[in-house]
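*Asks:* build me a model:
(one chain, ligands or ions: 1)
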Amino acid sequence: MPTQLPDGFTERDQQLWVEGVSLQALAQTHGTPLFVYSQAAIINALAAYQRGLYGRRHLICYAMKANSSLAILQTLVRAGCGLDIVSGGELERALRAGVEPSKVIFSGVGKTRTEMRRALDVGIGCFNVESVAELEVLGDVAQGMGLRAPVSLRVNPNVDAQTHPYISTGLKDNKFGIAHEDVVGAYQRAAAHPGLRVVGIDCHIGSQITQAAPYLDAMDRMLDLVQAIEACGIAIEHIDFGGGLGIDYHGDTPPSADALWQALLAKLDARGYGERTICIEPGRSLVGNAGVCLTEVLYLKPGEHKNFCIVDAAMNDLPRPALYQAYHQIVPVQTPKADTPALTWDVVGPVCESGDWLGRDRELAVRPGDCLAVMSAGAYCMSMASNYNTRGRAAEVLVAGERVQVIRERESAEDLMRSERPLS
Ligand code: LLP
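*Replies:* All right, here's what the predicted structure looks like:
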């Protein structure tokens, strides 16, 4: 058993529990692989941000790419969140989850005209625009509809978030945002366009950030820009600092959301911008540690150099290790029997790729039929899951106290072939 369990998870009677339910019982009832989420953990993670921003004009827009399952969105929307979306598909999910459109922010470098029209039609709160080319297209689309699109320009503040290169987004060489030196000119174009209405400024410097310093740097650069933009007579109503706060996967020590915001607000106040509306777009830090993926050990395959523990979850369910060499703790949901020897295993899935591993060199006492929990699987797991090898995506359950709700059925082979049209 791990020494430190995330909020919502406990060890009792030599078993792992999520709130008032044993994980073993969930695996038995619902089968594996199974994603299990603690609703209280999600609400508590949000509460840390709400505490941090208490008394300020603010909007927390959950970056739904982290986990876009409808019941997760409903949980956060009902607790007061807006949503940060990056596609037309996410917009439809957001609406289905009951979000107020004015609390939706549309991010992303490649919005299509169709997506823009739909978002304008429903009246979203803001488009986070990532290039001058996009700005012109959005302005023209809105003008054609007799509207003015609310815009914020995403600034690339060129700060190093000190995270994995694939999830670092605020450096000059990234595809994201408008370069610092081009920002004021871009705002002038936006302000002059009859189809656009400037409402804010935004940035997002990366993901799984475990220090406050990059945020403080980015804030300084953003405020310099706000000053320069407003000197041109263009008012900035809200400042959006993006998402990116990391979670503890394996001994990581990110600041808590309230501590981070205490530090950021001190700077904001010191520079005289404390009255502005603050927007943020957290994803991982709201849901990442609230979820686990349960998987059954299928076979043990000891070898000369490596021992393989083959489980029924795979890279299609949990793509982060294959994509980013990410570390997720893997723990038995029941204390192993005393006669089970602990060995060093590579925990791997059934997919036909050497990249299909979930954890390497893990010391585990396991037997076939045992259930393991892949921890910290609430963010960027189900939302990035695929059907590779024609594997149906896993089921998901949301636990609140002793109440268990199936929030997604396991996909069947029939589901996977539904949209295909075979030759006649
Ligand atoms: N806002 C924008 C514009 C973003 O691009 C992202 C994440 C977020 C907010 C939320 O960031 P968060 O608070 O979740 O760090 N698949 C990768 C993470 C990709 C993050 C992409 N953008 C992973 O599994 O680590």
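
*Asks:* quick one: least confident helix or strand in the protein?
*Replies:* The helix or strand of the chain with the poorest confidence is strand 178-179; it has a mean of 91 (mean pLDDT, DSSP states H and E).

*Asks:* what sits up against that one?
*Replies:* Residues from elsewhere that reach strand 178-179, judged by Cβ atoms under 8 Å, 6 or more residues apart in numbering: 129-132, 153-156, 158, 172, 186. Yep, even glycine has a C-beta here, placed from its N, CA and C like the rest.

*Asks:* hmm, 6 Å instead?
*Replies:* Residues outside strand 178-179 that contact it (Cβ atoms under 6 Å, 6 or more residues apart in numbering): 153, 156, 186.

*Asks:* among these, which are in helices?
*Replies:* residue 186 (DSSP state H).

*Asks:* of the contacts of strand 178-179, which is the most crowded?
*Replies:* Neighbour counts for the contacts of strand 178-179, by other Cβ atoms under 10 Å, peak at residue 153, which reaches 29 neighbours.

*Asks:* surely it and residue 129 touch.
*Replies:* Yes - the pair residue 153 / residue 129 is scored as a contact, 5.4 Å apart, by Cβ atoms under 6 Å.

*Asks:* the least confident helix or strand of the chain near the ligand anywhere?
*Replies:* No - using Cβ under 6 Å from any ligand atom, no contact is recorded between strand 178-179 and the ligand, whose separation bottoms out at 13.3 Å.

*Asks:* and that strand, which strands flank it?
*Replies:* As defined by DSSP bridges, the strand partners of strand 178-179 come to strand 149-156 (parallel).

*Asks:* what's in contact with the strand it pairs with?
*Replies:* By Cβ under 6 Å, 6+ apart, strand 149-156 touches 126-130, 138, 142, 177-179, 183, 186, 190, 196-203.

*Asks:* and these, which are buried?
*Replies:* Buried subset of the contacts of strand 149-156 (neighbour count, 16 or more other Cβ atoms under 10 Å): 126-130, 138, 142, 177-178, 183, 186, 190, 196-203.

*Asks:* who does the longest helix seen in the chain touch, helix- and strand-wise?
*Replies:* The single longest helix within the chain, with elements called by DSSP H, is helix 213-231. Contacts defined by 3 or more Cβ pairs under 6 Å, 6 or more residues apart in numbering; DSSP states H and E place helix 213-231 against helix 183-192.

*Asks:* which outside residues touch the helix it packs on?
*Replies:* Contact partners of helix 183-192, identified using Cβ under 6 Å, 6+ apart, comprise 132, 135, 151, 153, 155, 178, 196, 198, 225, 228-229, 234.

*Asks:* off-centre distance for it?
*Replies:* The chain centroid and the centroid of helix 183-192 are separated by 30 Å, computed with Cα atoms, centre = their mean, to the nearest Å.

*Asks:* and after that helix, which helix or strand comes next?
*Replies:* Using DSSP states H and E, the helix or strand that follows helix 183-192 in sequence is strand 196-202.

*Asks:* so does the helix or strand that residue 136 is a member of get close to the ligand?
*Replies:* Applying DSSP H and E as the criterion places residue 136 in helix 132-144. No - judged by Cβ under 6 Å from any ligand atom, helix 132-144 and the ligand are separated, with a smallest distance of 13.8 Å.

*Asks:* got the buried residues for that helix?
*Replies:* 134-142.

*Asks:* tell me which other helices or strands that helix touches.
*Replies:* Packed next to helix 132-144, using 3+ Cβ pairs under 6 Å, 6+ apart, are helix 113-122.

*Asks:* and the buried residues of helix 132-144, which is closest to the ligand?
*Replies:* For the ligand, the nearest member of the buried residues of helix 132-144 is residue 134. The distance, counting by Cβ to the nearest ligand atom, is 13.8 Å.

*Asks:* not counting sequence-adjacent ones, nearest residue to the closest one?
*Replies:* Nearest residue to residue 134, sequence neighbours excluded (Cβ to Cβ, 6 or more residues apart in numbering): residue 111, at 6.5 Å.

*Asks:* one more: residue 405?
*Replies:* Per Cβ to Cβ, 6+ apart, closest to residue 405 is residue 398, 5.0 Å.

*Asks:* ok, that neighbour - contacts?
*Replies:* Counting by Cβ under 6 Å, 6+ apart, residue 398 has contacts 37, 39, 71, 405, 407.

*Asks:* and the last one, what pLDDT?
*Replies:* Just to be clear, that refers to residue 407. Note on residue 407: pLDDT of 98.

*Asks:* ramachandran coordinates for it?
*Replies:* phi -100, psi -10 (degrees, to the nearest 10).

*Asks:* can you name the residue of the stretch 1-150 of the chain nearest the ligand?
*Replies:* Counting by Cβ to the nearest ligand atom, the stretch 1-150 of the chain gets nearest the ligand through residue 63, at 3.4 Å.

*Asks:* who does that residue form a beta bridge with?
*Replies:* Under the criterion used (DSSP bridges), residue 63 bridges to residue 84.

*Asks:* hmm, residue 90 and residue 115 touching each other?
*Replies:* No - in this structure residue 115 lies outside contact range of residue 90 using Cβ under 6 Å: 9.6 Å.

*Asks:* for the strand or helix carrying residue 48, C-alpha coordinates in PDB please.
*Replies:* Element membership of residue 48 [criterion: DSSP H and E] is helix 39-52. Written as PDB, here are the backbone C-alpha positions of helix 39-52 (Å, rounded to 0.1, in the frame of the first residue of the first chain):
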ATOM      1  CA  GLN A  39     -16.700  13.200  -6.300                       C
ATOM      2  CA  ALA A  40     -15.600  14.700  -2.900                       C
ATOM      3  CA  ALA A  41     -12.000  14.800  -4.100                       C
ATOM      4  CA  ILE A  42     -13.100  16.800  -7.200                       C
ATOM      5  CA  ILE A  43     -15.200  19.200  -5.100                       C
ATOM      6  CA  ASN A  44     -12.300  19.600  -2.600                       C
ATOM      7  CA  ALA A  45      -9.800  20.400  -5.300                       C
ATOM      8  CA  LEU A  46     -12.100  23.100  -6.700                       C
ATOM      9  CA  ALA A  47     -12.600  24.400  -3.200                       C
ATOM     10  CA  ALA A  48      -8.900  25.100  -2.900                       C
ATOM     11  CA  TYR A  49      -9.100  27.400  -5.900                       C
ATOM     12  CA  GLN A  50     -12.300  29.000  -4.600                       C
ATOM     13  CA  ARG A  51     -10.600  29.700  -1.300                       C
ATOM     14  CA  GLY A  52      -7.600  31.100  -3.000                       C
END
